[in-house]
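In: all I have is the shape, not the residue letters:
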C-alpha cells in the first residue's frame, strides 16, 4: 500500500471559507495603533462565527476609527459616511434590508462629540447592529485634540490639561436602551474576541467601548487611555466566555461563580464573576458599578449589561419578511382600483 | 384693482329685482377667524359646496405660526373663468375675529359685503359696504349644542348665512356636511342644524343688497379638490416608496402624515405586515442620513422637509451626489432666511438646492406647478433618483402644499418602476466583477450592486472621500478630476430624463414669460389681463425641472424680452438661467418678483410687464 502525499487542506470555518476571505485592505493607520488590533479581532470573530461576509454591512463616520472598515472584510459592503452621522445611515440601510448584519465602527469624537445626537437615538431605538467605539480620547486625524471621552486631569502631549469630565458611553448606552453593553481594551485579545463573538450572536444594539490607545498622540504619561495606564488600571468586572450555538465544546466554569446568558441564536455568554453582586441583566446595578469605578479611577471592562428580551427596532416596525429594498413592483405599487377609490373620495 | 374695476370686467349677467347689479361667480370671500377655533371644517364646506355646484374655486389659508389665539384668514376665490391664483381684493368678508374685524373691514373694496357678529358693531366704519349683522352666539345656542362646542358650531352658522346670501345650493351644503362628518352622524346633524339656523336667520332677517351670487355651472365635473402635500404623499405611495423618514416642520409635515395614513390603508399586506418603514427621525440630519442609508441598500427612500431642514441636509446631499446614492427629498418651501415666516410661502430655496453642499455639486430639481404634478413628479423623482443614482429634490411650496386646489383626477403611473443600473450575482459572474464608478456606457452613470448580493466581487467601499473607478480611496489628481468630469457628464444625461418645460402661445410674440411652480396660476391670468387690457400678446414657458433642457434655450432665443416671474427677492431662477444661457441671450432677461410671503397674484405681474412694455414702445 503506497502512501499518497497529502497537501494539507487550508483551514476553513463552518461555511467553508478561509480566514483570507475575511481579510481587508492593508491598514494605513499608525503602526501599533489599537484600532488595527480591533480590526484583527473583528476579522477573526466573523470568521470563527462563520458569517457570510456578503451578509455584512460595515458602517462608519469620519476619523481614524472610521477608516478601519477598509482594513477588514473586503467582501462585505461598506459605507464610510460623514462625521458623527453613521447611526442614521446604518439605520436607513437596515430598514431597507433587515436581513443584513451591520457593524459600525466609530471613534470617541465621532460618537461622543459631533455624533452624540444620532448616537443616543441609535441606542434608544435598539437598532440591531454592533456599534464599536474605538476610544482613544483624542482626535488623531487632526493631530491630537481632546475628545469628550478624555478623563478629567489627563494631559495632551503638549501638556494641556483636560478640565471637563469624560462622557461614559457605556453608562449612556445602558440608560438609553442598548441591549448589549460592554467595554474592552484593544490589547486584551481574549476578552475582546469573546465579546465580539457574543455581539454577533446578539439581536439588538451592541455597544462596545474599546479603549484603543493612540500611539502617536495619546500614549504618554499623562494619558488615561495609554497602553501603560490601561495595563495598570484595567479591572475586569467579569471574565467573559462565549460558547457559540454550533460549538459542542463547552467552556468549563464553576457553576457557583458564573452567570450564563442565552443569546438570540442559541449561543451562550458566560461570565465568571469577579464582583460578587454582578448580574448582567440588572440595569441599576450595572450603572452603579460604573459610577463607583469612576470614583475609584478604575477602568472597568467586561460585559456590563445584556437584555435579550427587548424588541429591536426593525422587529418593532412589523415589516414584511423580505428586504424592503427588493420587493416586487406588485407589492409596493397599489392597484388602479386603489387610485380610483382615492380619486372618488376627493371629487 | 378696486371692486369697481371688477364690476366693469365681470360683465354682470343680469339685474336683480332691487335694481342692484349682480356679479355672478366672480368674486372672493374672506373668512376672518381665530387660529384654533375650528373654522377649517366650515370653510371646507363652503369651498366644496360651491365646487359641487360646478363653479371653479380656489381656497387659500393664511394662518399664523401659532397653535391657538392668533388671527387666521381663509379666502375662497369663486371664478367662472377658472382663475385660481390669489386675488388681492376681497368682496365678501365674514368677520368672526373681533381683534382684526375693524382692519378687515377697512381693507375691503368699495361695494363689498360684511357678514359679522352683531356685537362687533362694524357698520359705522364705512358707508360704501353692505352690512349683515348676525347674532351668532344666539343662533349657535339655538342648536342645543353644549356650551363647550358652541364655538365650533358658530362656524357652521356662518356657512348657512353665506349660503343664503350668496345663493349657494343648500342641497350641496347638506351633502358636503354629511360627507365631511361621514363617520360621526351626531356631529353631522348638529352641524346641519347650525347651518340651517344661519340660513333661516338670513332668509328672515337680512335683505340681500350686495351684488355677489353663485350660480350653477358645468366647469368642475370630474374634477377633484386636494392639497399638494396629500397629492405628493399619494405619488410617493404609487411610486413604490418603502423607506420614509421625516422630522416635523411646517409646511411639509402633512406630506408624511398623509403618507402614513395611506400606507396603513393600502400598503399593509394580508398578514398584517408592512411593505414599508416610516421613521420620525431625531432631526433632519438623521432624516436624510436614513434616506441615504436606505437608498444605498436599494430601497426607494424619501424625506420631506422645508427650508431650515434643507439647510441641515446640505452635508449629506453632497455625500449623496459624490458617493452617488439615490434618494428623494421633498422641499415644501416656506419663507426664509432662517426661521423666516414659517407659515408663508416662497420659491426661495432654488439656488441653494441647485448646488446644495460644499464643493462642486449639482442637484436635480423637479418643480411641480400643480397638485397633479405633485403626484406625478413624486413618482418620477424616484425613477430619476435610481436611474441617475443621486438625490433628487422636489420643490413644492406652502401655497401648493397646504392649500386646496382643483385638479383633473390623477392618472395611474403607466411607466414601470425604473431601478437603474444594478448588477445582480448572475451578471457579476458573467462580467467577472465590476468597477463601481466606471463610466461603462458613456452616459456618466456607473453600475452599482446592493448590499447582500451573493457574489464574492459584489462588495465595494462607499465613501465621501476621493475615490477611483474601483471605489478605492484615492488622492490622485487624475482620479479626482476624472471622477468629477464623469459626474458632470451624468448631469448632462439628466437633461435627457427630466420633465420638459411646457410652452403656451404661438411662439411668435416679442415678449416671453418664464415661470415655475405655483407662479403658473398667476401667470396664466396675467397673460389674459395683458391681452385684454394692454393688447399685449405673450408666449409663456413653464420650467418643470433643473437641469435646464434645450427647449428653454430655444424659447429665450426666440423672444426679444423675457420676463422671469418668481416668488423670491433675488431672482433666483433668473440667476440660474444666467449661468446656462449664452451671454447674448442673458441680456433679454427681466425679473418679476413677488416675495411678501403671500401667494403671487396676477395683477402684480401684469402691472410690471405692462409698465415695462409700455415704456419700451
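Out: Thanks, I have it. Since we're looking at a predicted model, the values are computed, not measured. Numbers count the residues shown, from 1 in each chain, chains lettered A, B, ... in the order given.
In: residues from the stretch 101-250 of chain A in reach of chain B?
Out: Counting by C-beta under 8 Å from any C-beta of the partner chain, the residues of the stretch 101-250 of chain A close to chain B are A:117-118, A:121. C-beta coordinates here come from the backbone N, C-alpha and C atoms, glycine included.
In: ok, of those residues, which come out buried?
Out: Neighbour counting with 16 or more other C-beta atoms under 10 Å in any protein chain shown marks A:118, A:121 as buried within these.
In: can you tell me which of the residues of the stretch 101-250 of chain A next to chain B end up in helices?
Out: Among these, the ones falling in helices (DSSP state H) are A:117-118, A:121.
In: could you list the domains of chain B?
Out: Listed domain ranges for chain B are B:3-213, B:226-407, B:425-495, B:502-616 (source: automatic domain parsing).
In: among the ones you listed, which is nearest chain A?
Out: For the domains of chain B, the distance to chain A is smallest for domain B:226-407, at 2.7 Å, taking C-beta to the nearest C-beta.
In: helices or strands next to the host helix or strand of residue B:565 in the packing?
Out: Using DSSP states H and E, residue B:565 maps to strand B:561-566. Packing partners of strand B:561-566 (3 or more C-beta pairs under 8 Å, 6 or more residues apart in numbering or on different chains; DSSP states H and E): strand B:511-516, helix B:519-533, helix B:572-580, strand B:589-593, helix B:602-616.
In: can you put the ones you listed in CSV and add distance to residue B:91, mean pLDDT and mean neighbour count?
Out: Below are those laid out as CSV (distance: least, C-beta to C-beta, whole Å; pLDDT from 0 to 100; neighbours: other C-beta atoms under 10 Å in any protein chain shown):
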stretch, distance to residue B:91, mean pLDDT, mean neighbour count
strand B:511-516, 27, 98, 26
helix B:519-533, 17, 97, 21
helix B:572-580, 33, 98, 19
strand B:589-593, 26, 98, 20
helix B:602-616, 15, 90, 17
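In: with distance to residue B:326 added, can I get the ones you listed in JSON lines?
Out: Below are these laid out as JSON lines (distance: least, C-beta to C-beta, whole Å):
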{"stretch": "strand B:511-516", "distance to residue B:326": "24"}
{"stretch": "helix B:519-533", "distance to residue B:326": "28"}
{"stretch": "helix B:572-580", "distance to residue B:326": "23"}
{"stretch": "strand B:589-593", "distance to residue B:326": "33"}
{"stretch": "helix B:602-616", "distance to residue B:326": "37"}
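In: got a list of what the closest residue to residue B:117 other than its chain neighbours touches?
Out: Nearest non-adjacent residue to residue B:117, counting by C-beta to C-beta, 6 or more residues apart in numbering or on different chains: residue B:136, 4.8 Å away. Listed by C-beta atoms under 8 Å, 6 or more residues apart in numbering or on different chains, the contact set of residue B:136 reads B:96, B:117-118, B:154, B:157-158.
In: equivalent analysis for residue B:578, please.
Out: B:586, B:589.
In: quick one: it from residue B:464, how far?
Out: For residue B:578, the distance to residue B:464 equals 30 Å [C-beta to C-beta, to the nearest Å].
In: repeat for residue B:326
Out: Distance of residue B:326 to residue B:464, computed by C-beta to C-beta: 16 Å.
In: more neighbours: which of those two?
Out: Higher neighbour count among residue B:326 and residue B:464: residue B:326, with 29 against 20, using other C-beta atoms under 10 Å in any protein chain shown.
In: could I get the pLDDT score of that one?
Out: Residue B:326 is assigned 98 on the pLDDT scale.
In: what count of nearby residues applies to residue B:534?
Out: Neighbour count for residue B:534, taken as other C-beta under 10 Å: 15.
In: now residue B:311: how far from residue B:285?
Out: Separation of residue B:311 from residue B:285 (C-beta to C-beta): 10 Å.
In: quick one, which of the two is more surrounded?
Out: Taking neighbours as other C-beta under 10 Å, residue B:311 and residue B:285 compare with residue B:285 leading, 22 against 16.
In: what's the pLDDT at the residue lying closest to that one once chain neighbours are set aside?
Out: For residue B:285, ignoring the flanking residues on the chain, the nearest one in space by C-beta to C-beta, 6+ apart is residue B:312 at 5.2 Å. On the pLDDT scale, residue B:312 is placed at 98.
In: what's the answer for the one 3 residues further on, then?
Out: The score at residue B:315 is 98. That number is its pLDDT.
In: that one contacts residue B:357, doesn't it?
Out: Yes - with contact defined as C-beta atoms under 8 Å, residue B:315 and residue B:357 form a contacting pair (6.5 Å).
In: top helix in the chain by residue count?
Out: As the question left the chain open, I've gone with chain A. Chain A, longest helix under DSSP H: helix A:34-48.
In: ah, I was thinking of chain B
Out: If you go by DSSP H, chain B has its longest helix at helix B:185-205.
In: report the distance from that helix to the chain centre.
Out: Distance of helix B:185-205 from the chain centroid (C-alpha atoms, centre = their mean, to the nearest Å) equals 33 Å.
In: got it, and stretch B:224-237?
Out: Worked out by C-alpha atoms, centre = their mean, stretch B:224-237 lies 10 Å from the chain centre.
In: mind listing the helices in chain A by residue range?
Out: Here chain A has its helices, by DSSP H, at A:34-48, A:64-67, A:86-96, A:108-112, A:116-125, A:169-176, A:189-201, A:227-233, A:283-295, A:313-316, A:329-332, A:336-345.
In: which other helices and strands does the last one contact?
Out: This points to helix A:336-345. Using 3+ C-beta pairs under 8 Å, 6+ apart, helix A:336-345 is in contact with helix B:228-238.
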